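Colleague: Fold the following.
(one chain, ligands or ions: 2)
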Amino acid sequence: MMLDTIAALSTPLGPGAIAVIRISGPRAEPILHQIFSPYRHRKEFESHRLYHGEIICPKMGTFIDEVLVCLMRGPHSYTGEDVVEVFCHGGIHLPQKVLSAVLSAGARLAERGEFTRRAFINGRLDLSQAEAVVDIINASSDRGRELALRQLKGELRDTIQGWRERLNHCLARLEASIDFTEEIKEGETIQGLAEDLETLQGEIQKLARTYERGRIFREGASIVILGRPNVGKSSLLNYLLGRRRAIVTPIPGTTRDFLEEMVDINGLMVRLIDTAGIHTTENVLEQAGIELVWDRLSDAELVIFLCDGSESLTEVDWQIMERIRARKVIPVINKIDLPLKINKDELIGFFGRPCVCISAKYGTGMGELKESIYRALTDQKGEGETGVAITHLRQFECLKRALAAISKGLSFDLVHQPECAAEELKDALFALGEITGDSVSEDLLDIIFSNFCVGK
Ligand SMILES: Nc1nc2c(ncn2[C@@H]2O[C@H](COP(=O)(O)OP(=O)(O)OP(=O)(O)O)[C@@H](O)[C@H]2O)c(=O)[nH]1
Ligand SMILES: [Mg+2]
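Modeller: Ligands and ions are numbered 1, 2, ... in the order given. Okay, here's the model as predicted:
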């Protein structure tokens with residue numbers, strides 16, 4: 001039972017037409033009566049209706065702003081408690097004046113994520129949905145937003161809850177076999193149990209494998225365009241960006257430093273990095289630029305290896321290829337508008353994957369390149385997602401722990417050591433419960449909700 005009433009500004013402070021102040025808790029409605037004077041006299045407010053009127057300072061009785069207010073009585077509100085939202089004029093000064101009035105009428109300033117934390121505690125959201133709320137606010141791409149919305153609808157929660165029910169059933173069968181009686185023969189209740197657990201293990205593994213993709217949808221990815229001088233790296237960056245950001249000239253060694261730009265690739269936000277052409281040089285400035293390329297490469301998710309199709313692969317091309325062999329690479333042949341001299345098969349043979357042919361100057365092959373980038377980063381075609389995916393390291397760690405516990409459980413002789421196996425299944429249940437928040441400590445909640453903004 002939560003007794004205090006919290007309030008916060010739910011929109012960013014700054015110039016804007018409207019700001020929203022949110023109040024939640026048992027005193028939300030009395031506070032509304034104290035600070036709000038409706039233009040049409042009324043004693044009671046109906047839930048989920050907008051009212052027009054004035055905010056009055058509860059101490060001085062002075063007029064603060066003309067506003068709209070809405071009372072949403074619990075449990076039919078975001079937090080599950082009585083909630084009031086005040087829509088006042090935006091700006092820097094005014095919303096703070098309205099908030100001060102609310103606070104002096106008896107509310108306390110909310111902490112980060114406290115509204116959502118209350119929604120979680122009141123069972124309006126599970127923890128995976130609460131995490132999705134932050135992801136929606138922070139989403140920088142269509143795919144990231146789609147995935148967060150699906151998580152908010154409860155797809156991940158439903159999947160996890162289904163698994164917990166099945167695990168609970170397995171546990172019950174194991175426990176029945178521990179105290180088997182005359183009627184139940186030894187081992188009878190656990191027939192087929194190992195197979196059931198293995199099936200479950202397979203499903204959990206499948207979800208765990210979506211983490212890399214989910215993370216990239218949520219956070220985006222870095223892609224380095226790599227190649228020797230003059231192959232068209234900066235032209236490619238410019239084309240994908242849709243503007244002339246990088247200098248392009250026929251002079252090899254035009255790009256000295258690296259350039260980073262955010263680009264939307266089929267709904268995925270990626271950081272595209274144009275680099276200095278790799279070659280052997282005595283020039284200290286160029287050497288420094290080339291060193292930076294290798295630095296940037298270390299934390300990139302994908303490398304676009306660009307070569308010039310109007311020339312054969314050179315010594316330097318081969319040296320670069322050798323160095324990126326172990327990385328996730330898309331080999332790309334540029335300048336296909338010119339007569340081709342490059343031996344495509346050598347490139348395909350080396351990387352063991354198809355190469356994409358483009359003309360960065362004329363835009364040929366860009367659709368295919370974007371599709372390849374999307375697929376390489378997500379292991380999927382770019383036409384909308386199917387199935388649930390996890391997006392947070394925390395969720396991934398919980399799945400790993402559940403998998404380890406099930407494996408350990410299966411390593412026991414289920415007929416003769418059912419107690420040992422049962423202990424492991426309990427651990428697996430606990431780990432899965434941490435994803436939805438069924439089993440979670442206050443400390444963990446503090447960490448999760450500290451990532452929220454105030455007012456959410
Ligand atoms: N014909 C043709 N020329 C291209 C194409 N792409 C780039 N070029 C030309 O190739 C030259 C080098 O292009 P850049 O984009 O500056 O090449 P870069 O790889 O960034 O070169 P550095 O910065 O020196 O490493 C320019 O003259 C471009 O116009 C293409 O698809 N076809
Ligand atoms: Mg360049």
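Colleague: In which helix or strand does the residue lying closest to T281 once chain neighbours are set aside reside?
Modeller: Setting aside the residues directly before and after it, T281 is nearest to Q287 in space (C-beta to C-beta, 6 or more residues apart in numbering), at 6.0 Å. In short, each C-beta sits where N, CA and C put it, glycine included. With the criterion set as DSSP states H and E, the secondary-structure element containing Q287 is helix 284-298.
Colleague: re the thing from before, how many other residues sit next to the residue nearest to T281?
Modeller: Each residue near Q287 was counted by other C-beta atoms under 10 Å, and the total is 13.
Colleague: ok, it touching H279?
Modeller: No: between Q287 and H279 there is no contact, the gap being 10.1 Å when judged by C-beta atoms under 8 Å.
Colleague: Excluding residues flanking it in the chain, which one is nearest the residue of the stretch 351-456 of the chain found nearest ligand 2?
Modeller: In the stretch 351-456 of the chain, the residue that lies nearest ligand 2 is A360 (10.6 Å; C-beta to the ion). Leaving aside its sequence neighbours, A360 sits nearest to S235 (C-beta to C-beta, 6+ apart; 3.8 Å).
Colleague: what about the one you found, distance to A105?
Modeller: Computed with C-beta to C-beta, to the nearest Å, the distance linking S235 and A105 is 62 Å.
Colleague: Likewise for K408?
Modeller: The separation that K408 has from A105, given C-beta to C-beta, amounts to 56 Å.
Colleague: which of those two has more neighbours?
Modeller: Neighbours around K408 and A105, counted as other C-beta under 10 Å, are more numerous at A105. The numbers are 21 against 16.
Colleague: Phi and psi next, for that one.
Modeller: Phi and psi for A105, reported as degrees, to the nearest 10, are phi -90, psi 0.
Colleague: cool, and M269?
Modeller: In this entry, M269 is assigned phi and psi values of phi -90, psi 120 (degrees, to the nearest 10).
Colleague: got it, and V263?
Modeller: When read as degrees, to the nearest 10, the backbone of V263 gives phi -130, psi 140.
Colleague: Tell me if I am right that T199 is in a strand.
Modeller: No: the assignment for T199, made by DSSP: H, G, I helix; E, B strand; the rest coil, is helix rather than a strand.
Colleague: if we can go back for a sec, quick one: average confidence on the helix holding Q287?
Modeller: For helix 284-298, mean pLDDT is 84.
Colleague: Name the residues of the stretch 251-400 of the chain found near ligand 2, please.
Modeller: Remark: the part of the stretch 251-400 of the chain in contact with ligand 2 comprises T254, T255, using C-beta under 5 Å from the ion.
Colleague: if you average pLDDT over stretch 327-334, what comes out?
Modeller: Mean pLDDT, stretch 327-334: 96.
Colleague: then that stretch to CSV, C-alphas only?
Modeller: Output for stretch 327-334, consisting of C-alpha atoms alone and laid out as CSV, is shown next (Å, rounded to 0.1, in the frame of the first residue of the first chain):
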residue,chain,number,x,y,z
ARG,A,327,35.2,-10.0,-38.9
LYS,A,328,31.6,-9.8,-40.1
VAL,A,329,32.3,-8.3,-43.6
ILE,A,330,30.2,-7.4,-46.6
PRO,A,331,32.5,-7.3,-49.7
VAL,A,332,31.3,-4.5,-52.0
ILE,A,333,32.6,-3.8,-55.5
ASN,A,334,32.2,-0.2,-56.5
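Colleague: What are the contacting residues of that stretch?
Modeller: Surrounding stretch 327-334, the residues in contact under the criterion C-beta atoms under 8 Å, 6 or more residues apart in numbering are 231-232, 235-236, 297, 301-309, 340, 342, 344, 347-348, 350-351, 353, 355-360, 369, 372-373, 376.
Colleague: is that stretch anywhere near ligand 1?
Modeller: Yes: using C-beta under 6 Å from any ligand atom, stretch 327-334 comes into contact with ligand 1 via N334.
Colleague: gap between the nearest residue to P95 once chain neighbours are set aside and M72?
Modeller: Spatial nearest neighbour of P95, chain neighbours left out: A19 (3.8 Å); criterion: C-beta to C-beta, 6+ apart. According to C-beta to C-beta, A19 and M72 sit 18 Å apart.
Colleague: Neighbour count for these two, which is higher?
Modeller: Ranked by neighbour count (other C-beta under 10 Å), A19 and M72 place A19 first, with 25 against 19.
Colleague: Would you agree that one falls within a helix?
Modeller: No: with three-state DSSP as the criterion, A19 is assigned strand and is not in a helix.
Colleague: What score does it have for pLDDT?
Modeller: You'll see A19 listed with a pLDDT of 96.
Colleague: wait, isn't it in contact with G90?
Modeller: Yes: with contact defined as C-beta under 8 Å, A19 counts as touching G90 (4.5 Å).
Colleague: who touches both of the two?
Modeller: Common contact partners of A19 and G90 (C-beta under 8 Å, 6+ apart): T11.
Colleague: Around ligand 1, which positions in the chain sit nearby?
Modeller: For the chain, the residues in contact with ligand 1 under the definition C-beta under 6 Å from any ligand atom are 227, 229-235, 248-250, 252-255, 276-277, 334-335, 337-338, 359-361.
Colleague: Among these, which lie within helices?
Modeller: Counting by DSSP state H, the part of the residues of the chain next to ligand 1 found in helices is K233, S234, S235.
Colleague: okay, now the first one: neighbour count?
Modeller: Using other C-beta under 10 Å, K233 is surrounded by 30 other residues.
Colleague: do the same with the second one
Modeller: When neighbours are counted by other C-beta under 10 Å, S234 registers 24.
Colleague: For it, give me its contacts.
Modeller: Going by C-beta under 8 Å, 6+ apart, S234 touches A246, I247, V248, T254, T255, L259, D274.
Colleague: so how far is stretch 277-292 off the chain centroid?
Modeller: Mean C-alpha position of stretch 277-292 versus that of the full chain (C-alpha atoms, centre = their mean, to the nearest Å) differs by 37 Å.
Colleague: Do a quick rundown of the strands in this protein.
Modeller: Here the chain has its strands, by DSSP state E, at 6-9, 14-24, 36-38, 49-56, 63-72, 83-91, 108-109, 221-226, 259-265, 268-274, 302-308, 329-334, 356-357.
Colleague: which other helices and strands contact the longest one?
Modeller: For strand 14-24, the elements it packs on are strand 6-9, strand 83-91, helix 94-104, helix 114-121, judged by 3 or more C-beta pairs under 8 Å, 6 or more residues apart in numbering; DSSP states H and E.
Colleague: Enumerate the positions of the third one that are buried.
Modeller: So the one you mean is helix 94-104. Counting neighbours by 16 or more other C-beta atoms under 10 Å, one finds that the buried residues in helix 94-104 are L94, P95, V98, L99, A101, V102, L103.
Colleague: between those, which is closest to G80?
Modeller: The shortest separation between G80 and any of those is 19.9 Å, and it belongs to V102 (by C-beta to C-beta).
Colleague: Look at the nearest residue to that closest one once chain neighbours are set aside and say how many residues are nearby.
Modeller: Excluding its sequence neighbours, the residue lying closest to V102 (C-beta to C-beta, 6+ apart) is A7, at 4.6 Å. Using other C-beta under 10 Å, A7 has 29 other residues around it.
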